[in-house]
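**Q** Fold the following, please.
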Amino acid sequence: MVPKFSPVAMTEALMRANEHWQSRRQEAESSSGRPTPTAFSIAFSREAGTYGAAIARAVGNRLGWPVYDRELLQRIADDLGVHQTLLESVDEKEVGWLRECLESFSSAPTVSEYAYKRRLIETLLSLAAHGECVVVGRGATKVLPAATTLRVRIVAPLEYRIEAVSREHGISREQAARQVEATDRERRRFTQDHFHFDPADPTYYDLVLNVARFSLDECADLVIAALDRLRARAAGVESRRPN
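**A** Numbering: from 1, shown residues only. I've put the predicted structure just below:
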């Protein structure tokens with residue numbers, strides 16, 4: 001079932017995220033004299049029937065980071081008030097970077113598609129500017145900056161995914177097979193139409209996990225371990241920079 005997000009729920013989600021960002025900013029200011037740690041984000045892409053959203057939530061819960069799945073991102077992008085609040089919460093120093101990134105995604109075949117695409121990209125890039133969040137779907141692995149994003153793809157063999165969807169939704173294997181095929185096709189079309197890349201191409205990701213080989217908790221462990229490696233590497237680079 002697709003989650004339903006009311007305007008109140010979206011506002012509450014954004015308020016929690018803002019509290020997290022403000023707390024992090026205060027901690028950074030209190031530790032003046034040391035380089036501000038790079039704020040990483042995690043972007044998930046997943047095949048149908050791989051429990052990708054559940055893995056993303058498990059990672060977010062462990063890190064204490066807000067999780068934005070495709071439905072919530074869609075509603076934020078569609079809701080002008082919440083969307084505008086998110087944009088306004090970006091630090092002034094990040095505005096130029098945000099504008100530069102937007103320009104790199106500026107081409108679109110029609111005005112209406114461009115307006116939608118721009119709002120979605122603004123939403124994703126605004127989240128990336130704050131960092132410390134988990135984003136699921138909606139081309140985030142391509143849109144969010146690679147330098148500060150751990151890009152994860154969740155996969156599994158087709159038979160595993162069909163069985164998972166059949167079990168989760170209580171439908172026949174034939175129905176599940178059709179649903180898996182339709183969902184994969186929809187996601188592939190979305191990323192190809194809007195961002196011109198094939199989500200099945202492993203070169204767009206830093207980590208590809210086969211959920212048929214690892215439990216959801218183990219997948220979350222591996223994602224956080226990879227994030228820790230990236231953060232440690234970034235911290236090492238920043239510590240060598242002249243003050």
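**Q** Please count neighbours and contacts with C-alpha atoms only from this point.
**A** Noted.
**Q** Just the element for Ala225, please.
**A** Taking DSSP states H and E as the definition, one finds Ala225 inside helix 216-239.
**Q** Sorry, wrong one. I was asking about Glu122.
**A** Take DSSP H and E as the rule and Glu122 turns out to sit in helix 111-130.
**Q** Quick check: mean pLDDT of that helix?
**A** When pLDDT is averaged over helix 111-130, the result is 69.
**Q** What's the first helix or strand after that helix?
**A** The C-terminal neighbour of helix 111-130 among helices and strands, as given by DSSP H and E, is strand 134-136.
**Q** Same question for that following strand: list its buried residues.
**A** Residues Val134, Val135, Val136 are the ones in strand 134-136 that count as buried (16 or more other C-alpha atoms under 10 Å).
**Q** Between those residues, which sits nearest Ala212?
**A** Using C-alpha to C-alpha, Val136 comes nearest to Ala212 of those, at 19.5 Å.
**Q** quick one: the closest one and Phe44 touch, right?
**A** Yes - between Val136 and Phe44 there is a contact at 4.7 Å, judged by C-alpha atoms under 8 Å.
**Q** what do these two both touch?
**A** Shared contacts of Val136 and Phe44, defined by C-alpha atoms under 8 Å, 6 or more residues apart in numbering, comprise Gly52, Ala56.
**Q** ok, now how distant is Val223 from Gly64?
**A** 14 Å (C-alpha to C-alpha, to the nearest Å).
**Q** Going by residue numbers, what spans are helices in this protein?
**A** With helices called from DSSP state H, the chain shows them at 7-30, 52-63, 70-78, 80-88, 92-104, 111-130, 140-143, 158-169, 173-195, 216-239.
**Q** and Ala212, how many residues sit next to it?
**A** Residues lying near Ala212 (other C-alpha atoms under 10 Å) number 14.
**Q** What is the burial count for the residue nearest to it when sequence neighbours are not counted?
**A** In space, and not counting its chain neighbours, Ala212 is closest to Ala156: 5.6 Å by C-alpha to C-alpha, 6 or more residues apart in numbering. Per other C-alpha under 10 Å, the neighbour tally for Ala156 reads 19.
**Q** who touches Ala156 in this structure?
**A** Glu47, Thr50, Asn210, Val211, Ala212.
**Q** still on that earlier bit, which other helices and strands does the helix holding Ala225 contact?
**A** On a contact count with 3 or more C-alpha pairs under 8 Å, 6 or more residues apart in numbering; DSSP states H and E, helix 216-239 meets helix 52-63, strand 149-155, strand 207-210.
**Q** If we use 10 Å, what do you get?
**A** strand 41-46, helix 52-63, strand 149-155, strand 207-210 (3 or more C-alpha pairs under 10 Å, 6 or more residues apart in numbering; DSSP states H and E).
**Q** and the third one with helix 52-63, angle?
**A** Strand 149-155 and helix 52-63 are oriented at 140 degrees to each other (axes from the mean of the first three to the mean of the last three C-alpha atoms, to 10 degrees).
**Q** Please apply the same query to the first one.
**A** Our comparison of strand 41-46 with helix 52-63, counting by the same axes, to 10 degrees, yields an angle of 160 degrees.
**Q** strand partners of strand 41-46, parallel vs antiparallel please.
**A** Strand 41-46 has the following strand partners under DSSP bridges: strand 134-136 (parallel), strand 149-155 (parallel).
**Q** for these, which one sits closest to His194?
**A** strand 134-136 (16.1 Å).
**Q** Quick check: mean pLDDT of stretch 48-57?
**A** For stretch 48-57, the per-residue pLDDT averages 94.
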